[in-house]
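**Student:** the following comprises the amino acid sequence and a computationally predicted model.
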Amino acid sequence: MKKAELSPIAWKEGVVLILNQTLLPDRLEYIEATSPERVAEAIKKMEIRGAPAIGVAAALGIALAAYHSKASSVNELRKELLKASDILWKTRPTARNLFWAIERMKSIFLRDFPDVDSLKTAVINEALKILEEDIEINKKIGRNGAQLIEDGDTILTHCNAGALATAGYGTALGVIRAAVEEGKKIKVIATETRPLLQGARLTCFELVYEGIDVTLITDNMVGYVISKGLVDKIIVGADRILRDGHVINKIGTYTIACVASIHKIPFYVAAPLSTFDLKTSVENVVIENRDPSEVTTIRGVRIAPEGVKVLNPAFDITPPDKVSAIITEKGIVYPPYEENIKKLFE
């Protein structure tokens, strides 16, 4: 019997159900959020994480504001929705999908509406549309990317770009899932992904759950396993992709891309169009720096001396010359990226 799909986020009559990813792989527990403030807290604490997933969460957070509003006029409700948007906007600075989703929700609620009820309905419907579209987009990414995968391949992936990082199915892991669904025998090597161990806790949890062959390695084993010929291809997700092909993703991605380049291993990025940022230049990308305790402790256990200085950037930037191709719902994009990314949006 096929296992139920992992669902990281869902809407249930004015409640946003969020799978608390900080508790995985030990416990499957859902948070019941009834306000945009609680959704914002979940994003900040990384109870929900992954660029597409936090975009969906932001949209649903705005839908909660609409659903529970007691506003008696369209203008009053619009003010509440702008406030909710502002709270969600300030949660995390790097992933593009968060801002994309909020901008898309604003494009709905800033229109003219005859009454409060019609505005509420439009906002909730748009958020649900973003949720449903994300799953379909991921399946398209998976099908497009599967053509790059050969039977018998061993694929290395970093962090978690699976169902848990999206509304469902996944981007990088979606490509692997689609290849497996086509009958290809695939093995996966997953990096642990310090400091929060999204590879060990989440990617390995997903792949074991799906019955896909996975081997866990520490982050500093990447050079060894690639140099020993144990990896055929690398597939990662992305939190933001610039118009010239720079890829902003989980810290450690750049290192993997450099090793892949030296050893002539294809390095693929899988992401939806909502991850692309056609306006920001690489110098102006804001890299989130997170709490030092994420580095000095592991799941509450201190591993470093008190008072040590800590650097904790959540993301790094991989230059376009290290990226073999970008897999999207509209197809696979190859260099030259500036020219070919532009074509995606025409």
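**Tutor:** Nice, thanks for sending it over. The model shown is predicted, which means the values in this text are computed figures rather than measured ones. Numbers count the residues shown, from 1 in each chain.
**Student:** now for V231: which residues touch it?
**Tutor:** V231 makes contact with T154, I155, L156, I189, V225, I265, according to CB atoms under 8 Å, 6 or more residues apart in numbering. Every residue, glycine included, has its C-beta placed from N, CA and C.
**Student:** try it again at 6 Å.
**Tutor:** Going by CB atoms under 6 Å, 6 or more residues apart in numbering, V231 touches T154, L156, V225, I265.
**Student:** so which strand or helix has the residue nearest to it when sequence neighbours are not counted?
**Tutor:** In this structure, V231 finds its nearest non-sequential neighbour in L156, 4.6 Å apart by CB to CB, 6 or more residues apart in numbering. Element membership of L156 [criterion: DSSP states H and E] is strand 154-157.
**Student:** show me what whichever helix or strand comes after that strand is packed against.
**Tutor:** Using DSSP H and E, the helix or strand that follows strand 154-157 in sequence is helix 172-181. Here helix 172-181 touches helix 116-146, strand 233-236, going by 3 or more CB pairs under 6 Å, 6 or more residues apart in numbering; DSSP states H and E.
**Student:** which stretch among the ones you listed comes nearest G211?
**Tutor:** Smallest distance to G211 across these (CB to CB): 16.6 Å, for helix 116-146.
**Student:** what average pLDDT does the closest one get?
**Tutor:** The predicted model assigns helix 116-146 a mean pLDDT of 98.
**Student:** just the buried positions in it, please.
**Tutor:** 116, 119-120, 122-124, 126-127, 130-131, 134-135, 137-146 (16 or more other CB atoms under 10 Å).
**Student:** was I right to think L173 contacts G162?
**Tutor:** Yes: contact between L173 and G162 holds when scored by CB atoms under 6 Å: they sit 3.4 Å apart.
**Student:** any chance you could map the strands in the stretch 201-346 of the chain?
**Tutor:** All strands of the stretch 201-346 of the chain, identified by DSSP state E, counting those that start in this stretch, fall at 213-217, 233-236, 240-242, 247-250, 267-270, 276-277, 297-298, 301-302, 315-318, 325-328, 331-333.
**Student:** okay if I get these as CSV plus mean neighbour count?
**Tutor:** What follows is these, written out as CSV (neighbours: other CB atoms under 10 Å):
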stretch, mean neighbour count
strand 213-217, 16
strand 233-236, 24
strand 240-242, 26
strand 247-250, 28
strand 267-270, 26
strand 276-277, 22
strand 297-298, 14
strand 301-302, 8
strand 315-318, 20
strand 325-328, 24
strand 331-333, 18
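**Student:** okay, the ones you listed in JSON lines with distance to R92 next?
**Tutor:** Formatted as JSON lines, the strands of the stretch 201-346 of the chain follow (distance: least, CB to CB, whole Å):
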{"stretch": "strand 213-217", "distance to R92": "26"}
{"stretch": "strand 233-236", "distance to R92": "19"}
{"stretch": "strand 240-242", "distance to R92": "11"}
{"stretch": "strand 247-250", "distance to R92": "12"}
{"stretch": "strand 267-270", "distance to R92": "20"}
{"stretch": "strand 276-277", "distance to R92": "14"}
{"stretch": "strand 297-298", "distance to R92": "21"}
{"stretch": "strand 301-302", "distance to R92": "25"}
{"stretch": "strand 315-318", "distance to R92": "10"}
{"stretch": "strand 325-328", "distance to R92": "22"}
{"stretch": "strand 331-333", "distance to R92": "26"}
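**Student:** which one (most neighbours) among the contacts of V231?
**Tutor:** For these, neighbours were counted by other CB atoms under 10 Å; the highest total belongs to L156, with 26 neighbours.
**Student:** pLDDT at that residue, what is it?
**Tutor:** On the pLDDT scale, L156 gets 98.
**Student:** contacts only, for it.
**Tutor:** Going by CB under 6 Å, 6+ apart, L156 touches I189, V231, I234.
**Student:** against G174, how distant is the last one?
**Tutor:** Plainly put, I234 is 15 Å away from G174 if you go by CB to CB, to the nearest Å.
**Student:** repeat for K120
**Tutor:** 33 Å.
**Student:** ditto for K12
**Tutor:** 25 Å.
**Student:** neighbour count for those two, which is higher?
**Tutor:** Set K12 next to G174 and count neighbours by other CB under 10 Å: G174 wins out with 31 against 9.
**Student:** pretty sure that one sits against G142.
**Tutor:** Yes: counting by CB under 6 Å, G174 touches G142, with 3.7 Å between them.
**Student:** please report how far A57 lies from L131.
**Tutor:** 9 Å.
**Student:** any stretches of the protein with poor pLDDT?
**Tutor:** Residue ranges of the chain with pLDDT under 70: 1-2.
**Student:** my guess is R243 contacts F276. True?
**Tutor:** No: the pair R243 / F276 is not scored as a contact, 7.4 Å apart, by CB under 6 Å.
**Student:** show me the contact partners of stretch 316-334.
**Tutor:** By CB under 6 Å, 6+ apart, stretch 316-334 touches 137, 140-141, 144-145, 244-248, 251, 253-254, 257, 261, 266-270, 272-273, 337, 340, 344.
**Student:** meant to ask about stretch 78-94
**Tutor:** 36, 40, 43-44, 58, 61-62, 65, 69, 71, 102, 109, 239, 286, 288, 315.
**Student:** could you turn the buried ones of those residues into a ChimeraX selection?
**Tutor:** To isolate the buried members of the contacts of stretch 78-94 in ChimeraX, using 16+ other CB under 10 Å:
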select :36,40,43,58,61,62,65,69,71,102,109,239,315
